[in-house]
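Student: quick one: sequence and predicted model below, then my questions.
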Amino acid sequence: MNDRQQPYDPYASQEQQLIGYDAYGRPVYGQAPPQPAAPQAPQAPQAPQYDAYGRPYDYGSGGGPSYGGQQQYYEPPRPAPQNQPPAPGQSTYDGHGGYDGYGGQGGYDGYGGYESHPAPQAQQPQPTLQAQQWIPQQADREPEVPAAAPGQSRTPLVPEPRRADDGAGDGDGDGADGAPDYRTEQFAFLDQPDEDSEDVIDWLKFTESRTERREEARRRGRNRVIALIVVLVLFVIGGIGYLWYAGKLPFLDGPGRQKDAVAAAGPQKRDMIVVHVHNTKKGGTSTALLVDNVTTQKGATVLLPNTLGVPKDDGTGTPLGKAVEEGGLGVRESLDSVLGTRIGGTWRLDTPFLENLVELVGGIDVDTDTAVPADDAVKAPAVAQGAKQHLSGAMAVAYATHRAKNEPEAKQLERLGKVLYGTLRKVPGDPKSATLTVESMGQILDPSLNAQTLGTMLSKLGEHAKEGPSGYRTDVLGVKPDGTLTDDANKNVVKEVLGGSFTAAQAGTAPRVGLRDASGDEKTQTAAKAALINGGYTFVEGGKAAATQPATQITYQDEAQRAKAVEVAKTLGLPETVVKKGENAVNADVVVTLGKDYEPS
């Protein structure tokens, strides 16, 4: 040991701190002395420089690199000693040199330089740990302290803080903030399988697939809504197009309506039968014509009042009701002569068979205009008033034959028309089924109208009736008190519905001549009637005109009837000049309108 007294070290009692690691990774402990209380103004530190191999230049030997000379020790300056007793094994600082904390002599001199002294012999050995010793492996992070120039004091250098990307750290040093400074090349990253990562991937896949399914469901829902809207639009357009084509729109004339108009203007084919309803309990008859227009595919019921005048075999006229009650076989021909029609058959329908027919079809629904009281004498049940009244067979007969006191016959005929319309709506559309229904009635039909023909006719009329007012109509024929047809009846019912015309009469048959009195003299009319019947013409009663006229006039509608009109004029003793083409007031081939100038021959 040196004879010099060991100097007083004020930091000997301080706890040792971790200052780094040696080349073998062992920790190195030492003291990190604080900065002196009043240090000299430091010069700007110079960044350490390195050679191509990462070794620092030695500034103390002229600026060249150091390749293994004497080891240099770098220790930051210590503050002035405080009067504290030294601790065992700790060196003291006297300003010129002294023992270090590990038994060796050395320290900073008064000029800031570092002095090295040999270790005392009697010193107790210390742990072989070196504090801040420069190791070749650490040369890249602990630069040597450059030597001071003559006349200049040496200022300790403070290492520059390492940057993450400068590659200067070795992984075991401290940065500027005291935190360990690591480099990325010191770590090895391995992809190790993790069960949690697989679960996360599966969850992400499940979440993604569920989201996709929801989006797909929304997309399918939108597509279905769009498809439904398109179908509805097409359905509406198709329905409107069909109605327009069929001519059933009230504000547009489609091809169907135009076709019906063309068909109505030309010759049309009609099938019709006459129905005589006999009331077996109260007496009386009612007559109706059932018309099936094959050309326009529509049906109709025309109700004929009993006051309609029809001709007899002897040329005289008689009311229709009387002719039906007498049971004359020529009633159908008489109606053809008055209306200009071709009736295909006669159907006598007694009230018991009408009741059976209604029961066979399951009852009918009728909008009754009046209440019918029960009649115990004839066992007729009561009928309520109102819309959609369900009538059984007996109720239907009671309503169809009901006529109140002082009530016009047209009201009772309207009720009969409602019952017939309701019955036709319930008749099967299949001709075979309708024929079976007719046969089940147990009625003996006219030889001119068998069950098959009647069943086929009723099935066609039933199909038209199911269409409602657009396919089926019911009219009451207008008749004057004298039994002749009204002008409105001739124009709107006889010609439009029944297609009454005398131009289709067979060649060689006697023309139908109508006589209308406008002279005001009954004797004159009787004389003219007798002349026509004696001339072999079919006489049609035309009644009296609303007003008298001075001249007699003979008219015809078809040019083919002109020759017959001229012959009628000769028969009555009239000149040919009274014959002209015009609208007939009576439904006949030729119409004679007597004036005041007519004088019987």
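Tutor: Sure thing, it's come through. Numbering: from 1, shown residues only.
Student: contacting residues around T548?
Tutor: Going by C-beta atoms under 8 Å, 6 or more residues apart in numbering, T548 touches 518-520, 595-596. Just so you know, the C-beta spots here come from the backbone N, C-alpha and C atoms, and that holds for glycine as well.
Student: pull the most distant pair out of those.
Tutor: G520 and G595 (9.5 Å; C-beta to C-beta).
Student: what about these two, which has more around it?
Tutor: Ranked by neighbour count (other C-beta atoms under 10 Å), G520 and G595 place G595 first, with 18 against 15.
Student: what are the phi and psi values for that one?
Tutor: phi -110, psi -180 (degrees, to the nearest 10).
Student: same question for P550.
Tutor: phi -70, psi -30.
Student: wait, it touches L594, no?
Tutor: No. Contact between P550 and L594 fails when scored by C-beta atoms under 8 Å: they sit 11.0 Å apart.
Student: pick out whichever of those two has more residues nearby.
Tutor: L594 (27 against 9).
Student: of the contacts of T548, closest to H276?
Tutor: A518 (34.5 Å).
Student: quick one: contacts for that closest one?
Tutor: 544-545, 547-549, 593-595.
Student: for the helix ranked longest in the chain, packing partners?
Tutor: As assigned by DSSP state H, the longest helix anywhere in the chain is helix 195-246. Judged by 3 or more C-beta pairs under 8 Å, 6 or more residues apart in numbering; DSSP states H and E, helix 195-246 is in contact with helix 255-265.
Student: after the helix it packs on, which helix or strand is next?
Tutor: Proceeding N to C from helix 255-265, the next assigned helix or strand is strand 270-278, under DSSP states H and E.
Student: L303: what secondary structure?
Tutor: strand (DSSP: H, G, I helix; E, B strand; the rest coil).
Student: quick check: chain neighbours aside, which residue is closest to it?
Tutor: Closest residue in space to L303, ignoring its immediate chain neighbours: L413 at 4.0 Å, by C-beta to C-beta, 6 or more residues apart in numbering.
Student: the one you found and R425, how far apart?
Tutor: As judged by C-beta to C-beta, to the nearest Å, L413 and R425 stand 19 Å apart.
Student: for the stretch 501-601 of the chain, which segments count as helices?
Tutor: Under the criterion DSSP state H, counting those that start in this stretch, the stretch 501-601 of the chain contains helices at 522-534, 562-571.
Student: single out the most deeply packed of these.
Tutor: Ranked by mean neighbour count, these are led by helix 562-571 with a mean of 18 (mean count of other C-beta atoms under 10 Å).
Student: residues contacting that helix, please?
Tutor: 511, 513, 531-532, 535, 537, 554-556, 575-576, 578-579, 581, 589-590, 592.
Student: so the chain: which segments form each domain?
Tutor: 1-158, 190-266, 272-494, 512-594 (automatic domain parsing).
Student: thinking again about what came up before, so what's the residue nearest to L303 up against?
Tutor: Contacts of L413 by C-beta under 8 Å, 6+ apart are 286, 288, 303, 305, 476.
Student: quick check: the first one touching Q412?
Tutor: Which is S286. Yes. Between S286 and Q412 there is a contact under C-beta under 8 Å: 7.1 Å.
Student: dump stretch 489-504 to CSV, restricted to CA.
Tutor: Taking C-alpha atoms only, stretch 489-504 is exported to CSV below (Å, rounded to 0.1, in the frame of the first residue of the first chain):
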residue,chain,number,x,y,z
ALA,A,489,-140.8,-0.5,-78.5
ASN,A,490,-140.5,-0.9,-82.2
LYS,A,491,-137.2,0.9,-82.4
ASN,A,492,-135.3,-0.2,-79.2
VAL,A,493,-136.8,-3.6,-78.4
VAL,A,494,-138.2,-5.2,-81.5
LYS,A,495,-135.5,-4.2,-83.9
GLU,A,496,-132.5,-4.0,-81.6
VAL,A,497,-133.1,-6.9,-79.3
LEU,A,498,-135.4,-9.2,-81.2
GLY,A,499,-134.1,-8.3,-84.6
GLY,A,500,-137.6,-8.0,-85.9
SER,A,501,-137.6,-7.5,-89.6
PHE,A,502,-139.8,-8.5,-92.5
THR,A,503,-137.2,-8.2,-95.2
ALA,A,504,-136.1,-11.7,-94.4
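Student: mean confidence (pLDDT) on that stretch, please.
Tutor: The average of the pLDDT scores along stretch 489-504 is 78.
Student: returning to what we had before: could you look up the SS state of the residue nearest to L303?
Tutor: helix.
Student: can you tell me how far it sits from A288?
Tutor: Computed as C-beta to C-beta, the L413 to A288 distance reads 8 Å.
Student: find residues that contact each of those two.
Tutor: Common neighbours of L413 and A288 (C-beta under 8 Å, 6+ apart) are L303.
Student: flag every buried residue along stretch 511-521.
Tutor: Judged by neighbour count (16 or more other C-beta atoms under 10 Å), stretch 511-521 contains these buried residues: 511-519.
Student: okay if I get the contacts of T548 as CSV plus distance to Q561?
Tutor: What follows is those, written out as CSV (distance: C-beta to C-beta, whole Å):
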residue, distance to Q561
A518, 21
S519, 24
G520, 28
G595, 21
K596, 26
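Student: related to what we said a few turns ago, so which of the contacts of helix 562-571 are in strands?
Tutor: Using DSSP state E, 513, 554-556, 579, 581, 590, 592 are the members of these that sit in strands.
Student: for these, which one is nearest L320?
Tutor: For the ones in strands among the contacts of helix 562-571, the nearest to L320 is V513 (20.2 Å; C-beta to C-beta).
Student: which residues touch G393?
Tutor: So G393 contacts 354-359, 363 (C-beta under 8 Å, 6+ apart).
Student: that older thread, when S286 and Q412 are compared, which one has more neighbours?
Tutor: Neighbour count, other C-beta under 10 Å: between S286 and Q412, S286 has more, with 25 against 20.
Student: I'd like to know how far the closest residue in space to V331 that isn't next to it in sequence sits from H276.
Tutor: Nearest-residue entry for V331: A323, 5.1 Å, with adjacent residues in sequence omitted and distances by C-beta to C-beta, 6+ apart. When distance is defined by C-beta to C-beta, A323 is 10 Å away from H276.
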